[in-house]
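*Asks:* quick check, what structure comes out for this input:
(one chain, ligands or ions: 2)
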Amino acid sequence: MLRENNHEHNVSQTRREGRIGLIANKYLKRIRAAPGKKIRLGDFPTDWAQERDLKDAEKEAFKEKALKILDENRAALASAQELLWASNVYSILIILQGMDTAGKDGTIKHVLSGVNPQGCKVHSFKVPTEEELDHTFLWRFWRALPNRGEIGIFNRSYYEDVLVVKVHPERLRNLPPGKLGKKFWNARYEDINTFEQHLARNGTIILKFFLHISREVQKKRLLDRLNDDDKYWKFSLTDIAERQFWNDYQAVYEDAINATSTDIAPWYVIPADHKWVARTLIADIITTKIRSLDLQYPQVTDEILAKYREAGRQMEED
Ligand code: AMP
Ligand code: MG
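*Replies:* Numbers count the residues shown, from 1 in each chain. Ligands and ions are numbered 1, 2, ... in the order given. This next block holds a predicted model:
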């Protein structure tokens, strides 16, 4: 999974592969939901250990290496973000989805810890308010999009409107009459694809991550929250209620990923049973993407440089 930590080797190899990341391309391909192909969630690992060629990897040594890569990527992300900001052309929209306890909050905290908070906005989307319900389902997201030069993170997103809402259609309110069948949901996927196309055409880079955990790991994490008084605050009875709908959720995630993984906004199905695996992969994918934009710091013309120098001279004299 991991590349040798030899930078010269990395540069030539990654140029050839068209990416600059530290994680081998074949593993990234494995977790990318190929646009236009039907995927089955069950075919995607929640745990890397299921990978045949990783079985022999010594767990601790492997983890240590992965954490080192996460560290390197964190630093790389911080400088990539500065360049994104300085060049002021693109924005990055990162969408994080996943079942309760999948690790969305922790990913944000760990992956973005080195990034300048001024250039980064996180929005967590909850049950819509009355005001939000009085608008189209995309309205509240429009207002939260990152500005040019910024990284925006959506902790849950408009995908909830084809996920939790598809599992519980009774939550839909005040819509024009009509059946809530296939046609209705297909229209929502279409709205989402069109919305993302529009954003992409105008300079938004979209990366979508589904943090894929197993049912057993969710059980363990929910019980941990119940048994540790430092974690009570994370516990919610709704999480247990929603767990009853596990299979329905897997099905609607699968539908949504199949309908909306596109070249301009692909889905990555991230194995998230181990938090360090998920974080390492996500940091690598984001960093690689920003670097592939080949951004430059704005160039200063000779004329402007002469003016700056003159201003500097005047300041020294005052
Ligand atoms: P959390 O992320 O744990 O703070 O929980 C946020 C809750 O808001 C989750 O239970 C989501 O399912 C719910 N939620 C987010 N968006 C929507 C939506 N559009 N409609 C209904 N519930 C939503
Ligand atoms: Mg929660």
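*Asks:* list the contacts of Ser261.
*Replies:* Going by CB atoms under 8 Å, 6 or more residues apart in numbering, Ser261 touches Arg32, Ala33, Ala34, Pro35, Ile39, Lys208, Trp267. Using the backbone N, CA and C atoms, a C-beta is placed for each residue, glycine as well.
*Asks:* and those residues, which is closest to ligand 1?
*Replies:* Among the contacts of Ser261, Lys208 lies closest to ligand 1 (CB to the nearest ligand atom), at 15.6 Å.
*Asks:* pull the number of nearby residues for the closest one.
*Replies:* Using other CB atoms under 10 Å, Lys208 has 24 neighbouring residues.
*Asks:* that one belongs to a strand?
*Replies:* Yes - Lys208: assigned to a strand according to DSSP: H, G, I helix; E, B strand; the rest coil.
*Asks:* who touches it in this structure?
*Replies:* Ile94, Ile95, Gln97, Tyr159, Thr260, Ser261, Ala265, Pro266, Trp267, Tyr268.
*Asks:* what sits closest to the residue in the chain that ligand 1 sits nearest to if chain neighbours are left out?
*Replies:* Going by CB to the nearest ligand atom, ligand 1 is nearest to Glu160 of the chain, at 3.3 Å. Sequence neighbours aside, Phe125 is the residue nearest to Glu160 in space, at 6.5 Å (criterion: CB to CB, 6 or more residues apart in numbering).
*Asks:* quick one, phi/psi of that neighbour?
*Replies:* In terms of degrees, to the nearest 10, the main-chain angles of Phe125 are phi -100, psi 130.
*Asks:* ok, back up a step: okay, the residue of the chain closest to ligand 1: pLDDT?
*Replies:* Confidence at Glu160, expressed as pLDDT, is 98.
*Asks:* re earlier: quick one: which of the contacts of Ser261 is nearest Arg313?
*Replies:* For these, the minimum distance to Arg313 (CB to CB) is 51.6 Å, reached by Lys208.
*Asks:* what packs against the one helix or strand Thr288 maps to?
*Replies:* Using DSSP states H and E, Thr288 sits in helix 275-292. With contacts taken as 3 or more CB pairs under 8 Å, 6 or more residues apart in numbering; DSSP states H and E, helix 275-292 sits against helix 25-31, helix 59-87, strand 91-98, helix 104-111, strand 204-212, strand 267-271.
*Asks:* need those in CSV (columns: mean pLDDT).
*Replies:* Shown next, in CSV, are the helices and strands packed on helix 275-292 (pLDDT from 0 to 100):
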stretch, mean pLDDT
helix 25-31, 84
helix 59-87, 86
strand 91-98, 98
helix 104-111, 95
strand 204-212, 98
strand 267-271, 97
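*Asks:* want to throw those into CSV with distance to Glu150?
*Replies:* Putting the helices and strands packed on helix 275-292 into CSV (distance: least, CB to CB, whole Å) gives the following:
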stretch, distance to Glu150
helix 25-31, 25
helix 59-87, 7
strand 91-98, 5
helix 104-111, 15
strand 204-212, 10
strand 267-271, 21
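*Asks:* low-confidence ranges in the protein?
*Replies:* For the chain, applying pLDDT under 70 flags the ranges 1-22, 49-59.
*Asks:* tell me which parts of it are close to ligand 1?
*Replies:* Taking CB under 6 Å from any ligand atom as the contact definition, the chain meets ligand 1 at Phe125, Lys126, Val127, Pro128, Arg156, Glu160, Asp161, Val164, Val165, Arg171, Thr238.
*Asks:* which of the residues you listed are buried?
*Replies:* Phe125, Pro128, Arg156, Glu160, Asp161, Val164, Val165 (16 or more other CB atoms under 10 Å).
*Asks:* how about TSV for these, with secondary structure and distance to Glu72 added?
*Replies:* Shown next, in TSV, are these (DSSP: H, G, I helix; E, B strand; the rest coil; distance: CB to CB, whole Å):
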residue	secondary structure	distance to Glu72
Phe125	coil	31
Pro128	coil	39
Arg156	coil	29
Glu160	helix	33
Asp161	helix	37
Val164	helix	36
Val165	helix	39
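*Asks:* now, among these, which is nearest to Asp284?
*Replies:* Comparing these against Asp284 with CB to CB places Arg156 closest, at 22.7 Å.
*Asks:* OK, contacts around the closest one?
*Replies:* Contact partners of Arg156, counting by CB under 8 Å, 6+ apart, are Leu96, Gln97, Lys104, Ser124, Phe125, Lys126.
*Asks:* save these as TSV, and put in distance to Gln299 too.
*Replies:* Converted to TSV, the contacts of Arg156 look like this (distance: CB to CB, whole Å):
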residue	distance to Gln299
Leu96	35
Gln97	39
Lys104	39
Ser124	38
Phe125	39
Lys126	44
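*Asks:* ok, those vs Phe137, which is closest?
*Replies:* Taking CB to CB as the measure, Phe137 lies nearest Phe125 of those, at 11.0 Å.
*Asks:* ok, now which ones touch that closest one?
*Replies:* Phe125 touches Arg140, Phe141, Phe154, Asn155, Arg156, Ser157, Glu160, counting by CB under 8 Å, 6+ apart.
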